[in-house]
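>>> Sequence below, structure please.
(2 chains)
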Amino acid sequence: MMVDKTVLWTVIPAMAVGTYLIRFSFLGFLGATPLPGWLRRALRYTAVAVLPGLVAPAVLWPAATGGEPDPARLMAALATLVVGFATRSMLPAIFAGAATLYAVQALLA
Amino acid sequence: MNDPTPVATPAFLRGLRQSVPFLVVMMPFGMLFGVLGTEAGLTMFEVVAFSLTVFAGASQFAALQMMQDQAPVWAIFATAMAVNLRLLMYSVALTPHLGAAPLGTRAVIAYFLVDQSFAQSIAEYTRRPEMTMPEKTAFFFGAVLPVTVMWFATSVAGAGMGQIIPPEYALDFALPITFLAMVAPMLRSRAELAAAVVSVAGTLALIRLPYGTGLLVAAGLAMAAGVLVENMTDRKAAP
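Now for the predicted structure:
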């Protein structure tokens, strides 16, 4: 699905300003203000809290197969997770996922 | 002459040297953003503008995915900000080290505050507590310069490549694989696992809500789950 240009040019500046303000916040004007402990803890979980949920629907019901679960994509997702977890590193995980996706697709074709 | 540069040069060079391993990770990441951006219909200029002004890969990938799914603008923005909230933690953690720098310098540092520069700098400041503030600043810029150049250059290269890659390569799945590959190494403790599980379960359970809303609610619950499990583990570990 192609990205709508009006949406794109609303999202880019908004994200640019918002992201900069997050970065500048403490360094720039909050300086010595301490962050409450519970918030500091919660912030550490932002990535693991957002990204898995973001990909879950695309893994289970990919748009490319019309929303039907696809063995190649499911296996690829599993391989990526297992290798990423075992190696603690992103690149081997990406390669494992891509290799599995193409291998299973070729086998089932 | 009261020029701080001679003192800070070794620190800058140390930053440059230590950033080399990060370059290897950055290369395919930037490339992928360029490729997927073009596949989603972005022009080379739009890909570069996106990377230059936002300069936060994970949120750019997230926004790209959601824009293709026709999510409403506010949901895209909210999700991107949620992904970037970790930068707030970096800003907090660097303030004791760099907070005394001039406002202009801090404004520039803020723009360059990314995962790599933060991880590298905080490790170095901990290793060498004797560093002065100008040295710390110089190290920071040394660490982030190569990564920045690599991120922009590979975004451009990827955007060039994206125009020639045919659709049968199942590139729709490159984004999910990238996100999973980013998340899997982060799952180091039960708390992180709990957060990830709640994130997935919550999003799937709330899939009927307007696009993006379920994800945001699930992310909030997942962060709470992470903190909760961490607190429980702490209590068990305490004597």
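
>>> Quick one: check stretch B:33-53 for contact with chain A.
Yes: counting by CB under 8 Å from any CB of the partner chain, chain A has neighbours in stretch B:33-53: B:40-42, B:46, B:49-50, B:53. Backbone N, C-alpha and C define where each C-beta goes, glycine included.

>>> Which pair in these has the greatest spatial separation?
B:Gly41 and B:Thr53 (18.7 Å; CB to CB).

>>> Who are the contact partners of residue 47?
Picking chain A for this. A:Ala47 makes contact with B:58, B:83, B:86, B:182-183, B:186, according to CB atoms under 8 Å, 6 or more residues apart in numbering or on different chains.

>>> switch to chain B, that's the one I care about
B:33-34, B:37-38, B:155-156, B:158-159.

>>> got it, and B:Ala218?
A:49, A:53, B:198-203, B:205-206 are the contacts of B:Ala218 under CB under 8 Å, 6+ apart.

>>> Could you pull up the mean pLDDT of stretch B:156-163?
Per-region confidence: stretch B:156-163 scores 87 on mean pLDDT.

>>> what ranges of chain A fall below the confidence cut-off?
A:1, A:30-33, A:35 (pLDDT under 70).

>>> Show me the helices in chain A, by range?
All helices of chain A, identified by DSSP state H, fall at A:5-25, A:37-43, A:46-60, A:71-87, A:90-108.

>>> just chain B next, same as before
B:5-18, B:20-39, B:44-54, B:57-68, B:73-84, B:86-98, B:103-111, B:115-127, B:133-162, B:174-183, B:190-205, B:213-237.

>>> residues near the closest residue to B:Met133 other than its chain neighbours, how many?
Using CB to CB, 6 or more residues apart in numbering or on different chains and skipping the chain neighbours, the partner closest in space to B:Met133 is B:Ala100 (5.2 Å). Residues lying near B:Ala100 (other CB atoms under 10 Å in any protein chain shown) number 14.

>>> phi, psi of B:Ala100?
Main-chain torsions, B:Ala100, degrees, to the nearest 10: phi -90, psi 0.

>>> Kindly report the same for A:Asp4.
phi -70, psi 130.

>>> surely it meets B:Met66?
No: in this structure, A:Asp4 is not within contact of B:Met66 by CB atoms under 8 Å, at 11.7 Å.

>>> quick one: which of those two has more around it?
B:Met66 (25 against 15).

>>> List the contacts of the closest residue to that one other than its chain neighbours.
Distances taken as CB to CB, 6+ apart place B:Ile76 nearest to B:Met66, at 4.6 Å, with adjacent residues excluded. Contacts for B:Ile76 (CB under 8 Å, 6+ apart) come out as A:7, A:11, B:63, B:66-67, B:212.

>>> of all the contacts of B:Ala218, which two lie farthest apart?
Maximum pairwise distance among the contacts of B:Ala218 (CB to CB): 15.0 Å, between A:Ala49 and B:Ala205.

>>> The two - which one has more neighbours?
Using other CB under 10 Å, the more surrounded residue of A:Ala49 and B:Ala205 is A:Ala49, with 30 against 13.

>>> By proximity to chain B, which residue of chain A wins?
Distances between chain A and chain B by CB to the nearest CB are smallest at A:Gly84, namely 2.6 Å.

>>> How much space separates the closest residue to that residue other than its chain neighbours from A:Asp70?
Closest residue to A:Gly84 apart from its sequence neighbours, by CB to CB, 6+ apart: B:Ala184 at 2.6 Å. As judged by CB to CB, to the nearest Å, B:Ala184 and A:Asp70 stand 20 Å apart.

>>> Buried among the contacts of B:Ala218? Need that as a selection in PyMOL.
To isolate the buried members of these in PyMOL, using 16 or more other CB atoms under 10 Å in any protein chain shown:
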select buried, (chain A and resi 49+53) or (chain B and resi 198+199+200+201+202+203+206)
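
>>> how far away is the most centrally placed residue in chain A from A:Gly67?
Central residue of chain A (CA atoms, centre = their mean): A:Leu51, 4.0 Å from the mean position. Note on A:Leu51: its distance to A:Gly67, by CB to CB, is 21 Å.

>>> What of B:Glu130?
Applying CB to CB to B:Glu130 and A:Gly67 gives a distance of 59 Å.

>>> In terms of neighbours, single out the busier of those two.
A:Gly67 (11 against 5).

>>> from memory the more buried one sits against A:Pro57, does it?
No: A:Gly67 sits out of contact with A:Pro57 when judged by CB under 8 Å, with a separation of 9.3 Å.

>>> contacting residues for residue 89?
I went with chain A, as the question did not name one. Counting by CB under 8 Å, 6+ apart, A:Ser89 makes contact with B:Pro185.

>>> I was thinking of chain B, sorry if that wasn't clear
A:40, A:43-44.

>>> if we go to 10 Å?
For B:Met89, the contacting residues are A:22, A:26, A:35, A:39-44, A:46, B:118, by CB atoms under 10 Å, 6 or more residues apart in numbering or on different chains.
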